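Engineer: heads up, no residue letters with this:
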């Protein structure tokens, strides 16, 4: 019995089906991998959102307090009686200003962002979200420098000698002024993040 001959058309059809199957398999594999990467990127973003929520809560507590310190120092730096007290004992300044017993307690965290920004999966996060995150964390890094400068000045040896006492109080006031201005900018970025990143959501990872 003669073997059945295969026509050219059948050979071409089989080749097309094989190529199509291979291409379809590659396409589906890439889609599955892409979906996996997006889901893992969403997990990264969820961790950043959690960190931001905690940072916002922290700033909501301390920003009004820092503004209170700013206002109080503005008043004290113009009072001759207080200036004399400051010359006698520089620690009177802390007693007057730090009514909570601390300046801040702890700084806003950036651990989740530091890990995420060096992770290859970060490219799967939307550009607008990455932009506001970059602005927030850059601002966080800069915001509290004036506060540190203020306390460095306070801790200097001759901060309260008579001839420099009032100028140094005014210099510390300028530093706390700058701090509160930077905090306002940071809070503005936080407000943008609440809209862009949907921080009020439950932050469940999308399927």
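Structural biologist: Nice, I can see it. All of these numbers come straight from a predicted model, not from anything done at the bench. Numbering: from 1, shown residues only.
Engineer: Every contact and neighbour count from this point should use C-alpha atoms.
Structural biologist: Will do.
Engineer: For the lengthiest helix in the chain, name the packing helices and strands.
Structural biologist: Ranked by residue count under DSSP state H, the longest helix found in the chain is helix 8-76. Here helix 8-76 touches helix 92-97, helix 111-117, helix 162-196, going by 3 or more Cα pairs under 8 Å, 6 or more residues apart in numbering; DSSP states H and E.
Engineer: Report the angle between that helix and helix 162-196.
Structural biologist: 150 degrees (axes from the mean of the first three to the mean of the last three Cα atoms, to 10 degrees).
Engineer: quick revisit: can you flag the weakest of the helices and strands packed on helix 8-76 by average pLDDT?
Structural biologist: Among those, helix 111-117 carries the lowest mean pLDDT, a mean of 90.
Engineer: Can you give the distance of that helix from its chain's centre?
Structural biologist: 10 Å (Cα atoms, centre = their mean, to the nearest Å).
Engineer: quick one: buried residues of that helix?
Structural biologist: By neighbour count on 16 or more other Cα atoms under 10 Å, the buried set for helix 111-117 is 112-113, 116.
Engineer: And for stretch 125-136?
Structural biologist: Those would be 130, 132-133, 136, for stretch 125-136 by 16+ other Cα under 10 Å.
Engineer: Could I get the buried residue list for stretch 178-188?
Structural biologist: Buried, per 16+ other Cα under 10 Å, within stretch 178-188: 178-180, 182-183, 185-187.
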